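# got a structure for you, letters missing:
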């Protein structure tokens, strides 16, 4: 079964500190993409970072990095130097190739609270 | 206008009403999507269109009817909805299918069915 699991319903982090949001996935497809999205209270889903299953290096985008451990099927998001504006829901998602590349499977999300 | 826009942003309707949600993307993408986001549930894919043809239909009740007249516009026609259909409806687009193409989302329509 293809599935995304985010085990942390909520996380707190102090401003300026780093935080790791966990994500594990399950698929038998050797080719897939992994994504993280941020959803502020306004509702819009904002793309943060992408990791391909064949990528050798971990993806980084500014303060976001993806800790990709393929053997463990984990794709944790690391946010460095947290800011108050980082408070939001964060969704991990996977897009396997064997669904035609159109079906993205989302996790249940983690709500991040950044404390001043 | 830039990105993906959705109208209306909020909608309240009775169970006997007929309404439509509109989505427009200004990114030159070929694929468009409708998602439903209910409280405490993961995002559910409803429909996918690629080059104006439906490529995914995830067992959605017939009271939801999509329409994609061109690659920039996507509609979701609603009729005789149920209270459990109350949710945030998100539209998204991507360059095409494939594992590498991220989706760009609109701000959503918050739907309440009375």
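That came in fine, so what should we check first? Being a predicted model, the structure only gives us computed values, none of them experimental.
# what about the closest residue to residue A:35 other than its chain neighbours, how many neighbours?
Nearest in space to residue A:35, with sequence neighbours left out and distances taken as Cβ to Cβ, 6 or more residues apart in numbering or on different chains, is residue A:93 at 4.4 Å. Where you see a C-beta, it was placed from the backbone N, CA and C, and this is true even at glycine. Burial of residue A:93 is recorded as 24 neighbouring residues (other Cβ atoms under 10 Å in any protein chain shown).
# tell me the contacts of residue A:93?
A:4, A:34-37, A:104-107 (Cβ atoms under 8 Å, 6 or more residues apart in numbering or on different chains).
# which among those gets closest to chain B?
Taking Cβ to the nearest Cβ as the measure, chain B lies nearest residue A:106 of those, at 4.1 Å.
# which strand residues sit across from that closest one in the sheet?
Here residue A:106 shows beta-bridge partners residue A:93, assigned using DSSP bridges.
# just residue B:66 next, same as before
Beta-bridge partners, per DSSP bridges, of residue B:66: residue B:76.
# hang on, isn't it packed against residue B:32?
No - at 9.2 Å, residue B:66 and residue B:32 do not qualify as touching, with contact defined as Cβ atoms under 8 Å.
# Show me which of the two is the more surrounded one.
residue B:32 (27 against 20).
# Next, the contact list for the closest residue to that one other than its chain neighbours, please.
Nearest residue to residue B:32 in three dimensions, chain neighbours excluded: residue B:74, at 4.4 Å (Cβ to Cβ, 6+ apart). By Cβ under 8 Å, 6+ apart, the contact list for residue B:74 reads B:22-25, B:32, B:34, B:49, B:66-68, B:91.
# are any of the residues you listed buried, and which?
B:22-25, B:32, B:34, B:49, B:66, B:68, B:91 (16 or more other Cβ atoms under 10 Å in any protein chain shown).
# of those residues, closest to chain A?
residue B:49 (9.3 Å).
# Can you tell me the strand partners of the helix or strand that closest one falls within and which way each runs?
Secondary structure from DSSP states H and E places residue B:49 in strand B:44-50. Using DSSP bridges, the strands paired with strand B:44-50 in its sheet are strand B:31-37 (antiparallel), strand B:53-57 (antiparallel).
# now the longest one, how far from the chain's geometric center?
Translated: strand B:31-37. Relative to its chain's centre, strand B:31-37 lies at 4 Å (Cα atoms, centre = their mean, to the nearest Å).
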